[in-house]
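**Student:** My questions are about this predicted structure, shown below with the sequence.
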Amino acid sequence: LDGRLMGVIELKDIVKPGIRDRFAQLRAMGIRTVMITGDNKVTAAAIATEAGVDDFLAQATPQEAMTLNLGASSRVYRVRRLRTADGAPLAVESSVLPQDRVGELSAEALSDQSLYALLASRQLTPVRALRHLRAVNADQEQATLLNVRPGAALLMTERVSWSASGLPIEMASAHYRGDR
């Protein structure tokens, strides 16, 4: 509460019956749950989804480690946001940030300001980026979040950003509605 750690819940590869409901109760009380694991991203995502936690911190995937110039066991934050305008969903943005470069992140810090403002406050202002654009079709999850039909046209961007020191500090992707 109020940015303070109030407890720790350990999850194993087998999710206990009823844990999803318990996390839902915590969410209803305004408590955000984050799973921290040494597992790889695929395993962590599967367990987090099954358990119903809000977010997870896991090892970097091989692609993330290579792109962000990290060691194989480095941990990363994965931040996902739904961007809206006048209450209508416009984009789903996902960012991967190296934990050892950005330091501790809290849900409050990510909720109260832009990601780049947060990075700037830590002297990690991106000074260079490489972005690729392409057209894709919405999968079921993207369609639900963006309020479009599955298969709808989306604009996808993929970006890597670097700090003034030359280290990559963000690997990001975004899916924008094609009709807005």
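**Tutor:** Here it is on my side, so go on.
**Student:** In contact with the closest residue to residue 67 other than its chain neighbours, which residues?
**Tutor:** Excluding the flanking residues, the one nearest residue 67 by Cβ to Cβ, 6 or more residues apart in numbering is residue 171, at 5.1 Å. Placement of C-beta: from N, CA and C, glycine included. Taking Cβ atoms under 8 Å, 6 or more residues apart in numbering, we find residue 171 in contact with 64, 67, 68, 95, 96, 159, 160.
**Student:** pLDDT weak spots in this structure?
**Tutor:** For the chain, the stretches with pLDDT under 70 are 1-3, 5-13, 36-40, 57, 112.
**Student:** how about 80 then?
**Tutor:** In the predicted model, the chain carries pLDDT under 80 at residues 1-16, 26-27, 29-45, 54-59, 72-73, 106-113.
**Student:** can you give me the helices in it?
**Tutor:** 19-28, 41-51, 62-67, 99-102, 107-112, 115-121, 140-146 (DSSP state H).
**Student:** In CSV, list the C-alpha atoms belonging to the longest one.
**Tutor:** The C-alpha coordinates for helix 41-51 follow below in CSV (Å, rounded to 0.1, in the frame of the first residue of the first chain):
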residue,chain,number,x,y,z
LYS,A,41,9.6,-15.2,-20.2
VAL,A,42,7.5,-17.9,-21.8
THR,A,43,7.1,-19.9,-18.5
ALA,A,44,6.7,-16.7,-16.4
ALA,A,45,3.9,-15.4,-18.8
ALA,A,46,2.1,-18.7,-18.7
ILE,A,47,2.2,-18.9,-14.9
ALA,A,48,1.3,-15.2,-14.5
THR,A,49,-1.7,-15.6,-16.8
GLU,A,50,-2.9,-18.8,-15.2
ALA,A,51,-2.5,-17.3,-11.7
